[in-house]
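Engineer: Below is the sequence, then the predicted model.
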Amino acid sequence: MTSATAQAGPFQVTVQPSGRSFSVEPGETVLAGAIRQGVGLPYGCKDGACGSCKCKKLEGEVSHRAHQSKAMNAAEEAAGYVLTCSAFPGSDLVLESRQVTDESAFPIRKMPSRVQALDKRSHDVMIVRMQLPANDTMRYHAGQYVEFILRDGDRRSYSMANAPHTLMRAEGGAPPVPVIELHIRHMPGGKFTDHVFTAMKEKEILRLEGPYGSFFLREDSDKPLILLASGTGFAPIKAVIEHMQFKGIARPATLYWGGRRPQDLYLDDWIRARCQEMPHLRYVPVISNALPEDNWTGRTGFVHRAVLEDHPDLSGHQVYACGAPIVVESAREDYCARAGLSPDEFFADAFTSEADKHRD
């Protein structure tokens, strides 16, 4: 059923197989109610564009606000699937959903942040380091994201590229302060990224809210890892790799990082240095549109297909995929349908731009 926002309620939502339940207030989406009460459901964009929050409805009625068909199509909706980020209960609900652990639901905080440093790593990638208030340190999992709250209320989401243990940083002998690292790709004409690349200055103040997202390493498994990134989808993967190194997690892991041209792999030197320190980590860079002057001699083609070439059987793996929605969704479909990957072992964060959110 698709209609306007349901106004009745509040309603109870029970999540199986965990049995956890929470209430959803009138005019509130299922996901918003879960986040507000610290119940960890999988999600990504929160805007009906990526499909990460899709789950099965076992009982009850919902109405959906507008969402993209690639996130959930009409056949899936008719079969009883729900996008929790876009669904409003019309009754008490029972959902079936893979859940994150209770301790993962760190408090979401809204805070001022100060631009500490700008580092342009390629023609369209800026590494921005944001200093957080020293007295209100944010707790988060490696792989989660924050949202900038712009002056007009619009929001822009970016993954934190540094693991939590690196949060406190010192500059020039000064006392350490909490700093998060963000990798921002320029979207020409984009209200926020045009500002980042043309006008943003050190010490500028912006408002942040977070942490958000259910993308982080599941440490209760010893399965080998495929880490799949396209473009700045490398940011949360970088945080995960830092976390693995810090915690001494030695599960075999292979990073496949794709770009159009070699310069798109803007921290290639960083990941090669980590491979020297982490013998269980492999790195496979993949370029799709190299030019003759690039002198590229490595792997070519689409990055998600390189994984299939090397791993035709993924039934014993976990996959963590980040980047352009087309890459993430192609990987999800191909790995589960063709390589035997369990859908429960595919974790994703699709980087949906404002243009993506309005495209169907």
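Structural biologist: On my side now, so go ahead.
Engineer: Out of the helices and strands in the protein, which is least certain?
Structural biologist: helix 354-357 (a mean of 54; mean pLDDT, DSSP states H and E).
Engineer: need the contact list for the residue nearest to G60 when sequence neighbours are not counted.
Structural biologist: The spatially closest residue to G60, leaving aside those adjacent along the chain, is L93, at 3.7 Å (Cβ to Cβ, 6 or more residues apart in numbering). Heads up, the C-betas are built off the backbone N, CA and C, glycines and all. Residues in contact with L93 (Cβ atoms under 8 Å, 6 or more residues apart in numbering) are 11-14, 30, 57, 59-62.
Engineer: which strand is the longest one in the protein?
Structural biologist: Secondary structure of the chain read by DSSP state E shows that its longest strand is strand 109-122.
Engineer: Report the mean confidence score over that one.
Structural biologist: In this model, strand 109-122 carries a mean pLDDT of 96.
Engineer: mind showing which ranges of the stretch 51-200 of the chain have poor pLDDT?
Structural biologist: Counting by pLDDT under 70, the stretch 51-200 of the chain has low-confidence residues at 99-105.
Engineer: Walk me through the domains of the protein.
Structural biologist: 11-103, 106-212, 225-357 (automatic domain parsing).
Engineer: Can you tell me which of those domains is nearest to R218?
Structural biologist: Each of the domains of the chain has some distance to R218 by Cβ to Cβ; the shortest is domain 225-357, at 6.9 Å.
Engineer: what ranges do the strands span in the stretch 251-360 of the chain?
Structural biologist: 253-259, 281-287, 299-300, 318-323, 346-350 (DSSP state E, counting those that start in this stretch).
Engineer: For V307, which of the ones you listed is the nearest?
Structural biologist: Short answer: strand 253-259, nearest of those by Cβ to Cβ, at 5.4 Å.
Engineer: what's the spacing between I241 and E147?
Structural biologist: 23 Å (Cβ to Cβ, to the nearest Å).
Engineer: Neighbour count for those two, which is higher?
Structural biologist: The residue with more neighbours, out of I241 and E147, is I241; 26 against 19, by other Cβ atoms under 10 Å.
Engineer: The more buried one should be in a strand, yeah?
Structural biologist: No: the assignment for I241 (DSSP: H, G, I helix; E, B strand; the rest coil) gives helix, which keeps it out of a strand.
Engineer: What is the distance between the longest strand of the chain and the centre of its chain?
Structural biologist: Distance of strand 109-122 from its chain centroid, counting by Cα atoms, centre = their mean, to the nearest Å, is 18 Å.
Engineer: Okay then, goodbye and thanks.
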